[in-house]
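# Please find the sequence and the predicted model below.
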Amino acid sequence: NAGVTQTPKFQVLKTGQSMTLQCAQDMNHNSMYWYRQDPGMGLRLIYYSASEGTTDKGEVPNGYNVSRLNKREFSLRLESAAPSQTSVYFCASSLRLAGGGTGELFFGEGSRLTVL
Amino acid sequence: RKEVEQDPGPFNVPEGATVAFNCTYSNSASQSFFWYRQDCRKEPKLLMSVYSSGNEDGRFTAQLNRASQYISLLIRDSKLSDSATYLCVALNTGGFKTIFGAGTRLFVKA
């Protein structure tokens, strides 16, 4: 029972390099999210996708791009990594509620990114 | 100012104690509220939803105060295993932009 799978789990980049974090869910959820977590800052929403074909900015979208490739997959791209993007990144998914909006979020195990 | 604010703690309590956390939200249109639990270096997991009338799940009680725009989490008879960070969420009805508070750290000691 995989749930939400993120890859890679660990990555070290040099400033200016690019990379893509991959996320896939097998729960047939409609909505997907990318968060970053830094010490003392809690989870901050980067981008979210309410449904396949839509993406929206969250609290801290600068420096990131996303692609909702299909219902299962939602990727996060860093075009030119900066040390300030050193963080733990979490992907999450949720089911769209019958009355609209989202329910419980299910998270992946996180991806630890270090930018030197 | 973040849309959802929490006292970061840490709260240090002995086993068996009762502890309460508050979480304030700034958007008066928020209608759905949740508490998540996050263990050290793990992903967050849903602890409980918060209903308008308040709700209880074993040793955990969640309350909503719309007038003052805060939700609370009460943990009775604390266990060592309750040590974690507790995160709150406030969401608009029909909304998807799920914003978390920064979390409150709890340490329960023997």
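Thanks, I have it.
# Strands along chain A, start to end?
A:4-7, A:10-13, A:19-25, A:31-38, A:42-49, A:56-57, A:65-68, A:74-78, A:87-96, A:102-107, A:111-115 (DSSP state E).
# quick one: the lowest-mean-pLDDT helix or strand in chain A to strand A:19-25, angle?
Lowest by mean pLDDT, DSSP states H and E among the helices and strands of chain A is strand A:102-107, with a mean of 89. Here strand A:102-107 runs at an angle of 120 degrees relative to strand A:19-25 (axes from the mean of the first three to the mean of the last three CA atoms, to 10 degrees).
# just to revisit the earlier point, ok, and which of the strands of chain A has the densest surroundings?
Ranked by mean neighbour count, those are led by strand A:31-38 with a mean of 24 (mean count of other CB atoms under 10 Å in any protein chain shown). Heads up, the C-betas are built off the backbone N, CA and C, glycines and all.
# Walk me through which strands that strand pairs with, and which way each runs.
strand A:42-49 (antiparallel), strand A:87-96 (antiparallel) (DSSP bridges).
# Up against chain B, what does chain A have?
A:31, A:33, A:35, A:40-45, A:48, A:50, A:56, A:58-59, A:90, A:94, A:99-102, A:104-105, A:107-110 (CB under 8 Å from any CB of the partner chain).
# surely residue A:89 meets residue A:110?
Yes - using CB atoms under 8 Å, residue A:89 is in contact with residue A:110, at 6.6 Å.
# gap between the least confident helix or strand of chain A and the chain center?
Remark: strand A:102-107 is offset 13 Å from the chain centroid, using CA atoms, centre = their mean, to the nearest Å.
# residues in contact with it?
A:3-4, A:25, A:27, A:29, A:31, A:33, A:50, A:90-97, B:34, B:36, B:43-46, B:49, B:91, B:95-96, B:98 (CB atoms under 8 Å, 6 or more residues apart in numbering or on different chains).
# again, but for stretch B:38-50
A:43, A:90, A:104-105, A:107-110, B:32-37, B:55, B:57, B:60, B:62-64, B:71, B:73, B:84-87, B:100, B:103.
# repeat that with 7 Å
A:43, A:90, A:104, A:107-110, B:33-37, B:55, B:57, B:60, B:62, B:64, B:71, B:84-85, B:87, B:103 (CB atoms under 7 Å, 6 or more residues apart in numbering or on different chains).
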